[in-house]
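Novice: Give me a model of this one.
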Amino acid sequence: MDLKRQVLLFLLGTVFVKHGVTEFFMRDGDWTFGQFLDDGSKAFRKSGAVIYSALMANLTSCLFECLYLNGCFAFNAEKKEKDLTCEFLNFGKSDYANFLVDNSTFQSYRLMTKCTDNPCKNGGVCSPLENGGELFSCTCPASHTGDVCHYLLDTPTGTLTSPPFKFLGPTLSFMIGGGCDVNYERAELLIDGAVVHKSTGIKKADGYCQSETMGKASWDVSAYLGRTAHVRLVDASSGNWGHINFDHVTDSCP
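Specialist: Numbering: from 1, shown residues only. Below is the predicted model of the structure:
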């Protein structure tokens, strides 16, 4: 829904309400700022979202109450000038609009927070962590991770095994990169079915994987000359950096 935003000021309980409302007022000597968006003819309906309902003197009273009520991120207000019922809501997630329904009795007002313009990427849902909404968390879809769902997870897993071969020289060189946890992403050298060497991507000093760019690596295979060998690539991770890059295998033949 295209929500118009209009900045209006009120002091000590005087308020003018139109589509998109901003409040700026003083109570008990403290300045408090809150900006609400109204959803026109729609009310918010989701099971378990109502903290409590109360009969209030006017809309201003509802605005004050939500701003000072712990856990209140929105409210439904009865469409009356005075003596109206307000339903105070504990829901302020970025998918708020999914629960708006046409209603002839109540109208939704939601507090603007960091989640209003949803900073969570790739379909993530933003949840405000306090009434002011400056802090938030993202619930990411299964395909992404990170503070704002900005990292793509590598969901597929599996192994890839080379055809059998025999060494002609004492060193097998290759390029490797990508994932850097040898427990989950690695290249293995198998001799007669047994793992004798394994390598993974390059890890930085901070513990994170260095790059998708592959670097040079090698295995000493002098003890296995003439033996049947396989190279097996293992991807056992669906998380971030859950893949292995491997290429340019070279035998150091005499």
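Novice: Now the phi/psi pair for S61, please.
Specialist: When read as degrees, to the nearest 10, the backbone of S61 gives phi -60, psi -40.
Novice: In the record's domain split, what are the boundaries for this protein?
Specialist: The record's domain parsing of the chain by the TED database lists 13-112, 114-153, 158-251.
Novice: would you list these in TSV and tack on mean neighbour count and mean pLDDT?
Specialist: For glycine as for every other residue, the C-beta is placed from the backbone atoms N, C-alpha and C. Below are the domains of the chain laid out as TSV (neighbours: other CB atoms under 10 Å; pLDDT from 0 to 100):
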stretch	mean neighbour count	mean pLDDT
domain 13-112	17	84
domain 114-153	17	89
domain 158-251	16	91
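Novice: which residues touch S94?
Specialist: Going by CB atoms under 8 Å, 6 or more residues apart in numbering, S94 touches C115, T116, N118, C120, V125, C126, S127.
Novice: Tell me which stretches of the stretch 1-150 of the chain form helices.
Specialist: Taking DSSP state H, counting those that start in this stretch, the helices of the stretch 1-150 of the chain run over residues 59-68.
Novice: Assess the claim that L135 and S127 are in contact.
Specialist: No: look at L135 against S127 with CB atoms under 8 Å: they stay out of range, at 9.8 Å.
Novice: ok so, going back, any idea which of the contacts of S94 is closest to V182?
Specialist: Distance to V182, by CB to CB, is smallest for C120 among the contacts of S94, at 32.1 Å.
Novice: Look up how far A43 lies from that closest one.
Specialist: Distance of C120 to A43, computed by CB to CB, to the nearest Å: 25 Å.
Novice: Need the residue closest to the centroid of this protein.
Specialist: C149 (3.2 Å; CA atoms, centre = their mean).
Novice: Next, give phi and psi for that residue.
Specialist: Phi and psi for C149, reported as degrees, to the nearest 10, are phi 60, psi 30.
Novice: same thing with the one 5 residues further on?
Specialist: Per-residue torsions, D154: phi -100, psi 80 (degrees, to the nearest 10).
Novice: and the strand or helix carrying H197, how far out from the chain's middle?
Specialist: H197 is part of strand 194-199 when elements are defined by DSSP states H and E. Here the centre of strand 194-199 is set off from its chain's centre by 36 Å, with CA atoms, centre = their mean, to the nearest Å.
Novice: Convert the C-alpha atoms of it to PDB, please.
Specialist: The C-alpha coordinates for strand 194-199 follow below in PDB (Å, rounded to 0.1, in the frame of the first residue of the first chain):
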ATOM      1  CA  ALA A 194      41.500 -44.800   1.800                       C
ATOM      2  CA  VAL A 195      42.000 -41.000   2.400                       C
ATOM      3  CA  VAL A 196      45.700 -40.200   2.600                       C
ATOM      4  CA  HIS A 197      45.600 -36.400   2.100                       C
ATOM      5  CA  LYS A 198      43.000 -33.600   2.300                       C
ATOM      6  CA  SER A 199      43.000 -29.900   1.700                       C
END
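Novice: strands paired with the next helix or strand after that strand, and their directions?
Specialist: Downstream of strand 194-199, the first helix or strand assigned by DSSP H and E is strand 215-220. Strand pairing for strand 215-220, using DSSP bridges, gives strand 171-178 (antiparallel).
Novice: how far off strand 171-178 does the very next helix or strand once past the strand it pairs with point, in degrees?
Specialist: Counting by DSSP H and E, the next helix or strand C-terminal to strand 171-178 is strand 185-191. Using axes from the mean of the first three to the mean of the last three CA atoms, to 10 degrees, the inter-axis angle of strand 185-191 relative to strand 171-178 is 160 degrees.
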